[in-house]
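Student: For reference, the sequence and a predicted model appear below.
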Amino acid sequence: MPEKSTIFVATLASVLGGAITLGGYLAFLAPAVPVANPAPVISNPNVQFTSAPGQLANAKYVVPEGLNFLEAAHRSTPAVVHIKTSYGRSAQTELLDLLRNEDDDQRSLGSGSGVIIAPDGYIITNQHVIDNAEVINVVLDDKRAFPGTIIGEDPTTDLALIKIQEEGLPFLAFGNSDQVQVGEWVLAVGNPFDLTSTVTAGIVSAKARNIQILRNTDGLAVEAFIQTDAAVNPGNSGGALVNLRGELVGINTAIATRTGGYAGYSFAVPATLAKKVAEDLLKHGEVQRALLGVGIREVDAEVAKEHNMSTVRGVLIQSVSQGSGAYDAGMEIGDVILSINGVAVNTVAALQEMVARHRPGEKIEAKVSRKGEEQMVKIVLKNRQNTLGVVNTVETVSALGADFTEISEPEKRKLDVEAGVKVSRLREGKLKEQKVPLGFVITHIDKKPVRNLNDLKQQLDGKKGRILIEGLDQNGEKAFFGIGF
């Protein structure tokens, strides 16, 4: 018996030693081996991991019934067009041709997109897509092509309305861009790199985004873009941003990029603003811009504390223009605007976009925090002249019979002027009748400076009788012309 006990003890010791050795090897030397679906060790039976085995693999994004990418693409693609433009040669190119004794009539070309918004051929696009184009060619999704005519342009929103002569066209209905939510799926439809009828998908990344892209708009630019991560590239400009219902919620306009190509974010003009601009361009030929008449800044923690606000929100009024709608409504410096017509405004861009949807003479209701107390203020908006009427400079400018461009920096140095507007094209009209030369730079109208295109329109707005145009010819010689209306 003692011998058997000795053998048993020895055997047990060997097994334990081997187990310890194997355990040490596995713990310190053996490579890690993944284990499929490990069961979690739960010390408390009332607590469990939310990421149970297999749960993530089976999770799916649930699209509401009747809403999906296929349906949205099917509805939107036929209504998005390819816009091809051509431009005349620059003055520098023409001069080189003369020196070379060549007659080269080649033109530069451009490409973009547009959205049919009515069955009788009205198309909305970006203003930069058709800006200064001599020829506009619109190619439909079914490959038919039509010449396009510009109905109106608005540089302050980078939108334009054009028309083709055709009936019964597929079109997109405007959606409510106010209801678009961050995280919502959207599709971008357009013609990037001349790749026609291209659809990409993404989500709304942000709203009311100001990216400081619109220039030379005399401080009236409206930038409250819908930001998405749907892939957008050159050629997508003017195309559609649609929700899963196939409704137009934005006009794709710009991308954030360091390379010239898509780098993760794209920006679209909200559809609610685009609809108002299109209606104005159709009815008046230009946008009827309503102004609140205040200087504003966004509220930060310091401002909120100073004005006894419980949360950081809204837009602070820093100045009120005398005679403006805000002035008439009794708004004061230090007031904080919290919402317009029930829609919260927490950025300058959001406030500007809400006001820009309206026309002079229309009423809005603002929720205002004044010294910590909230109240509702009703405001009648006015135009830039602090009146309620329609502003129409198109007929007056058209009567001149010319196209105008703002002069470049080299031209400013050559003519020794700070600013001006150049006659870039002459047609039949009052300037031609008075023998105003092509290339003439207008610097003043009735002794008031003309620094840009907006100044030109404002100076001509409502003019009756005779006006005095002052400026310089291409040789820098000063000249005056009397024009009658």
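Tutor: Sure thing, it's come through.
Student: Any regions of the stretch 301-450 of the chain where pLDDT drops low?
Tutor: 392-396 (pLDDT under 70).
Student: Report how many residues lie close to the closest residue to residue 214 other than its chain neighbours.
Tutor: Once flanking residues are discounted, residue 214 sits nearest to residue 221: 3.8 Å by Cβ to Cβ, 6 or more residues apart in numbering. Bear in mind the C-beta positions are built from the backbone N, C-alpha and C, glycine included. Residue 221 has 19 neighbours, counted by other Cβ atoms under 10 Å.
Student: ok, now which ones touch residue 221?
Tutor: For residue 221, the contacting residues are 155, 156, 157, 214, 215, by Cβ atoms under 8 Å, 6 or more residues apart in numbering.
Student: Show me just the buried residues among these.
Tutor: 155, 156, 157, 214 (16 or more other Cβ atoms under 10 Å).
Student: show me what contacts the last one?
Tutor: Same thing as residue 214. By Cβ under 8 Å, 6+ apart, the neighbours of residue 214 are 155, 156, 157, 158, 221, 222, 223.
Student: With the second one instead?
Tutor: Remark: with contacts taken as Cβ under 8 Å, 6+ apart, residue 156 is in contact with 214, 217, 220, 221, 222, 287, 289.
Student: Please point out which parts of stretch 300-313 sit buried.
Tutor: 303, 304, 307, 309, 313.
Student: got the end-to-end distance for that stretch?
Tutor: 8 Å (Cα to Cα, to the nearest Å).
Student: residues in contact with it?
Tutor: 297, 299, 316, 334, 336, 338, 344, 346, 369, 371, 372.
Student: Which one among the contacts of residue 156 sits at the bottom for pLDDT?
Tutor: The member of those with the lowest pLDDT is residue 217, at 61.
Student: follow-up on the earlier one: take the buried residues of stretch 300-313 and keep only those in strands.
Tutor: The members of the buried residues of stretch 300-313 all map outside strands under DSSP state E.
Student: Tabulate these in TSV, adding columns for distance to residue 142.
Tutor: Converted to TSV, the buried residues of stretch 300-313 look like this (distance: Cβ to Cβ, whole Å):
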residue	distance to residue 142
303	55
304	55
307	58
309	56
313	49
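Student: which of these lies closest to residue 133?
Tutor: Checking those against residue 133 by Cβ to Cβ gives residue 313 as the nearest, at 43.3 Å.
Student: and the gap between that closest one and residue 143?
Tutor: According to Cβ to Cβ, to the nearest Å, residue 313 and residue 143 sit 51 Å apart.
Student: Residue 360: which element?
Tutor: Under DSSP states H and E, no helix or strand contains residue 360.
Student: ok, it touching residue 388?
Tutor: Yes - contact criterion Cβ atoms under 8 Å: residue 360 and residue 388 qualify, at 5.3 Å.
Student: So for these two, which residue has more residues nearby?
Tutor: residue 360 (21 against 15).
Student: And the residue nearest the centre of this structure?
Tutor: When Cα atoms, centre = their mean is applied to the chain, the residue found nearest the centroid is residue 269 (3.5 Å).
Student: Residue ranges in the stretch 1-150 of the chain under the pLDDT threshold?
Tutor: Using pLDDT under 70, the stretch 1-150 of the chain drops low at 1-66, 88-107.
Student: residues touching residue 67, list them.
Tutor: 244, 245.
Student: For residue 264, see how far away it is.
Tutor: 25 Å.
Student: Which residue, neighbours along the chain excluded, lies closest to residue 482?
Tutor: residue 466 (5.5 Å).
Student: ok, which stretches of the stretch 301-450 of the chain are strands?
Tutor: 315-320, 336-340, 343-344, 363-370, 373-380, 402-406, 421-426, 441-445, 448-449 (DSSP state E, counting those that start in this stretch).
Student: I'd like a version of the contacts of residue 156 in JSON lines, one that adds secondary structure and distance to residue 456 as further columns.
Tutor: Shown next, in JSON lines, are the contacts of residue 156 (DSSP: H, G, I helix; E, B strand; the rest coil; distance: Cβ to Cβ, whole Å):
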{"residue": "214", "secondary structure": "coil", "distance to residue 456": "18"}
{"residue": "217", "secondary structure": "coil", "distance to residue 456": "14"}
{"residue": "220", "secondary structure": "coil", "distance to residue 456": "14"}
{"residue": "221", "secondary structure": "coil", "distance to residue 456": "18"}
{"residue": "222", "secondary structure": "coil", "distance to residue 456": "21"}
{"residue": "287", "secondary structure": "coil", "distance to residue 456": "16"}
{"residue": "289", "secondary structure": "coil", "distance to residue 456": "16"}
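Student: if we take the residues you listed, which one ends up nearest to residue 475?
Tutor: The closest of those, once distances to residue 475 are taken by Cβ to Cβ, is residue 217, at 31.2 Å.
Student: Figure out which of the strands of the stretch 301-450 of the chain is closest to residue 232.
Tutor: strand 343-344 (26.1 Å).
Student: Could you list the residues in contact with the closest one?
Tutor: 178, 313, 338, 350, 354.
Student: sorry, back to before: what two of the contacts of residue 214 have the greatest distance between them?
Tutor: 155 and 223 (12.1 Å).
Student: okay, the buried ones among the contacts of residue 221 in a markdown table with secondary structure and distance to residue 451 next?
Tutor: Converted to a markdown table, those look like this (three-state DSSP; distance: Cβ to Cβ, whole Å):
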| residue | secondary structure | distance to residue 451 |
| --- | --- | --- |
| 155 | coil | 15 |
| 156 | coil | 16 |
| 157 | coil | 21 |
| 214 | coil | 17 |
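Student: Out of those residues, which comes closest to residue 330?
Tutor: residue 156 (28.1 Å).
Student: Could you work out the most separated pair of the contacts of residue 221?
Tutor: Taking Cβ to Cβ, no two of these sit farther apart than 157 and 215, at 13.1 Å.
Student: List just the nearest of the contacts of residue 221 to residue 109.
Tutor: residue 155 (22.0 Å).
Student: how about the nearest residue to residue 288 once chain neighbours are set aside, what does it touch?
Tutor: Of all residues beyond its chain neighbours, the one nearest residue 288 is residue 359 (4.4 Å), with distances taken as Cβ to Cβ, 6+ apart. By Cβ under 8 Å, 6+ apart, the contact set of residue 359 is 276, 280, 288, 290, 381.
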